[in-house]
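>>> Have a look at this prediction, sequence included:
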Amino acid sequence: MPDTEREMPALPLLIVEDDPAILELLEEELADAGYPTLAASSAEQALATLSHSEVALVISDVRLPGIDGMQLLERLRREGSAVGFIVITAFGTIDQAVEALKQGADDFLTKPLDLEGLREAVYRVLESRRLASRLACDGAANSFHGIVGESEAMQSLFHDAARLADSDAPMLLLGESGTGKELMARAVHAESPRRDGPFVAVNCASIPAELMESEFFGHVKGAFTGADDARQGLFQAASGGSLFLDEIGEMPIALQAKLLRALQEKSVRPVGAEREEAVDVRIIAATHRHLEQEIEEGHFRSDLFYRLETFSLRIPPLREREGDIERLIPALIDKHAGQQEKRIARIEPAALEALLGYAYPGNVRELENAIMRAVTLAEAGQLCHADLPQRIREQGERRRRTCRETRAEGVLAGTATRADWPSLEEVEKRYIRKVLAATGGNKRRTAEVLGIARRTLYRRLDEE
């Protein structure tokens, strides 16, 4: 009988098997489980079916006449198909399983088939894809022009950024290094009426002080030695759009006065020119420095600060964005796997624990660099704990050791103590609650997605 607790796919499963008896057995077994099916006796027939029918999952034998199951999988992935795929073979080896996962298979089963195991494998693959799709939709709903964030801090930031995007007044973005200030500047530009104009970004710390005036305002021919031709500056290049001045706290104070005048007069004078040129630019500046302290120390003009601070937004550090790391991890894995033309289907639990438990002093940039490294090193479609940077692995181990020692000391002293960070048990419970919410509170489905027995899930929920 169909399992009414499970949400059955609207699309059929395609079974590719050249043995009529096994094909009939698989069709009956999956039909009894409530899954609609299509059948093909060869890879060529499967490709013909896929050309005009959408399916939720392909279940294919490896040994087939003509094109074999592995070649079918490889072809589908090469053509960009993301359909779920389970490989079945009577001659399974570790190497073959690894190769199947590398090619993009979701699971690998051997004959003689454990039919209950087949049903569970089908369900896990479909459920994993359903949850991934739901998370992707949630992520899109909780993003601002590609910036992911569902935490209260980020939702408030998105709201304020959208409100301020319509203005032409200067904007100042504040935040620690690595929080994504340039991404936010680009998002504000994309949200603004200037979205069709240029977005020009410059890091003020990267331009030599003696070249800054020419870089910003341009120069006429012969203005100085080496000025063989006239050259437009960044203001002219950004006219009609937005000019992003990153690390504006690094700008020499002499140039700050000229920048202030450009903001007030909406015009610039190229080096060596006799007249000013009108420019239509919105300035978005950013810094990780405390500009009030820079003002007190004489390194930054107060009048420029007040002009830039007409609208200011603070980008929160990752440690203040509770829950966002869990959203960022899959988004960044997908991003870098796509750039490297790799497919990462799984993340090892130990790797997930390490990524969730790390403090990230370098904020989102550090998280992204760690994931980019891990994706590069990942094999067989799985991101493993060993693929992560050593500092993240070591901090995870220190936390596990500290948690154990803290709990032991508490028992010996007869007192209950708690570390400043969550214990592994708390991380696990948090993850279980997330999956439970994603499955709509269905404990059976939650246990299956987590890969644990239902009694284990009940016990862990009872412990909360």
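That came in fine, so what should we check first? Numbers count the residues shown, from 1 in each chain.
>>> alpha carbons only for contacts and neighbour counts from here, please
Will do.
>>> and residue 151, how far is that from residue 437?
According to CA to CA, to the nearest Å, residue 151 stands 16 Å off from residue 437.
>>> the more surrounded of the two?
residue 151 (17 against 13; other CA atoms under 10 Å).
>>> what sits against that one?
By CA atoms under 8 Å, 6 or more residues apart in numbering, the contact list for residue 151 reads 321-324.
>>> Recalculate using a threshold of 6 Å.
Listed by CA atoms under 6 Å, 6 or more residues apart in numbering, the contact set of residue 151 reads 321-322.
>>> same deal with residue 168?
When the contact criterion is CA under 6 Å, 6+ apart, the partners of residue 168 are residue 282.
>>> now it, what's its secondary structure?
At residue 168 the chain is in coil, as set by DSSP: H, G, I helix; E, B strand; the rest coil.
>>> tell me the phi and psi of it?
Backbone torsions of residue 168, given as degrees, to the nearest 10, read phi -100, psi 0.
>>> next one: residue 200
Here is the backbone geometry of residue 200 (degrees, to the nearest 10): phi -110, psi 120.
>>> ok, for it, nearest residue in space, not its chain neighbours?
Nearest-residue entry for residue 200: residue 243, 4.9 Å, with adjacent residues in sequence omitted and distances by CA to CA, 6 or more residues apart in numbering.
>>> how distant is the one helix or strand the one you found maps to from the center of its chain?
Applying DSSP states H and E as the criterion places residue 243 in strand 242-246. The chain centroid and the centroid of strand 242-246 are separated by 25 Å under CA atoms, centre = their mean, to the nearest Å.
>>> and residue 48, that one's in a helix?
Yes - per three-state DSSP, residue 48 lies within a helix segment.
>>> Please shift the residue numbers so they start at 563 in all later answers.
In the new numbering, first residue 563, that becomes residue 610.
>>> number of nearby residues for it?
When neighbours are counted by other CA under 10 Å, residue 610 registers 12.
>>> now do residue 711
Other residues lying near residue 711 total 25 when counted by other CA under 10 Å.
>>> What of the one 10 residues further on?
Applying other CA under 10 Å, we find 11 residues neighbouring residue 721.
>>> So for whatever helix or strand it lives in, mean pLDDT?
Element membership of residue 721 [criterion: DSSP H and E] is helix 714-726. On average, the pLDDT along helix 714-726 is 92.
>>> Render the CA-only coordinates of that helix in PDB, please.
The C-alpha coordinates for helix 714-726 follow below in PDB (Å, rounded to 0.1, in the frame of the first residue of the first chain):
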ATOM      1  CA  GLU A 714      16.900  39.600  11.900                       C
ATOM      2  CA  ALA A 715      20.000  41.800  11.500                       C
ATOM      3  CA  MET A 716      20.200  41.100   7.800                       C
ATOM      4  CA  GLN A 717      16.500  41.400   7.200                       C
ATOM      5  CA  SER A 718      16.600  44.800   8.800                       C
ATOM      6  CA  LEU A 719      19.600  45.700   6.700                       C
ATOM      7  CA  PHE A 720      17.800  44.600   3.500                       C
ATOM      8  CA  HIS A 721      14.800  46.700   4.400                       C
ATOM      9  CA  ASP A 722      16.800  49.900   5.100                       C
ATOM     10  CA  ALA A 723      19.000  49.400   1.900                       C
ATOM     11  CA  ALA A 724      15.900  49.100  -0.300                       C
ATOM     12  CA  ARG A 725      14.400  52.300   1.300                       C
ATOM     13  CA  LEU A 726      17.600  54.300   0.800                       C
END
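>>> who touches the first helix or strand past that helix going along the chain?
Using DSSP H and E, the next helix or strand after helix 714-726 towards the C-terminus is strand 733-736. Residues outside strand 733-736 that contact it (CA under 6 Å, 6+ apart) are 846-850, 870-871, 873-876.
>>> again, but for stretch 607-620
Contacts for stretch 607-620 (CA under 6 Å, 6+ apart): 573-576, 602, 645-647.
>>> Just put the residues you listed in CSV and tack on neighbour count.
Output for the contacts of stretch 607-620, formatted as CSV (neighbours: other CA atoms under 10 Å):
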residue, neighbour count
573, 15
574, 18
575, 24
576, 24
602, 19
645, 18
646, 21
647, 25
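>>> Pick the one among those residues closest to residue 765.
Distance to residue 765 across the contacts of stretch 607-620 (CA to CA) is lowest for residue 645, with 43.1 Å.
>>> Burial check on the residue nearest to that closest one when sequence neighbours are not counted, number of neighbours?
Among residues not flanking residue 645 along the chain, residue 619 sits closest, at 5.8 Å (CA to CA, 6+ apart). Neighbours of residue 619 under the rule other CA under 10 Å: 22.
>>> With residue 668 instead?
Residue 668 has 25 nearby residues by other CA under 10 Å.
>>> contacting residues around it?
Taking CA under 6 Å, 6+ apart, we find residue 668 in contact with 647-648.
>>> make it 10 Å
619-620, 645-649, 662, 683-684, 686-688, 690-691, 907-908, 943 (CA atoms under 10 Å, 6 or more residues apart in numbering).
>>> Show the buried residues in these.
The neighbour-count test (16 or more other CA atoms under 10 Å) marks 619-620, 645-649, 662, 683-684, 686-688, 690-691, 907, 943 as buried among the contacts of residue 668.
>>> And residue 827, how far from residue 617?
Residue 827 sits 62 Å away from residue 617, going by CA to CA.
>>> Out of these two, name the residue with the larger neighbour count.
Higher neighbour count among residue 827 and residue 617: residue 617, with 19 against 12, using other CA under 10 Å.
>>> phi, psi of that one?
Reported as degrees, to the nearest 10, the phi and psi values for residue 617 are phi -130, psi 160.
>>> Now for residue 849, how many residues are close by?
Per other CA under 10 Å, the neighbour tally for residue 849 reads 20.
>>> Apologies, that question was intended for residue 793.
So residue 793, with other CA under 10 Å, has 17 neighbours.
>>> How far off centre is stretch 816-832?
39 Å.
>>> export that stretch as CSV, just CAs?
Extracted C-alpha coordinates of stretch 816-832, given in CSV (Å, rounded to 0.1, in the frame of the first residue of the first chain):
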residue,chain,number,x,y,z
ALA,A,816,44.3,66.7,0.9
LEU,A,817,42.1,64.8,-1.6
GLN,A,818,39.3,64.6,0.9
ALA,A,819,38.7,68.3,0.5
LYS,A,820,38.4,68.0,-3.3
LEU,A,821,36.1,65.0,-2.9
LEU,A,822,33.9,67.0,-0.6
ARG,A,823,33.7,69.8,-3.2
ALA,A,824,32.8,67.3,-6.0
LEU,A,825,30.0,66.0,-3.8
GLN,A,826,28.7,69.5,-3.1
GLU,A,827,29.1,71.0,-6.6
LYS,A,828,28.4,67.9,-8.6
SER,A,829,31.4,68.7,-10.8
VAL,A,830,35.1,67.9,-11.0
ARG,A,831,38.1,69.7,-12.4
PRO,A,832,40.5,67.4,-14.3
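>>> Next one: the spatially most central residue of the chain from residue 906, what distance?
Centroid check for the chain by CA atoms, centre = their mean gives residue 893 as the closest residue, at 2.2 Å. From residue 893 across to residue 906, the span is 12 Å (CA to CA).
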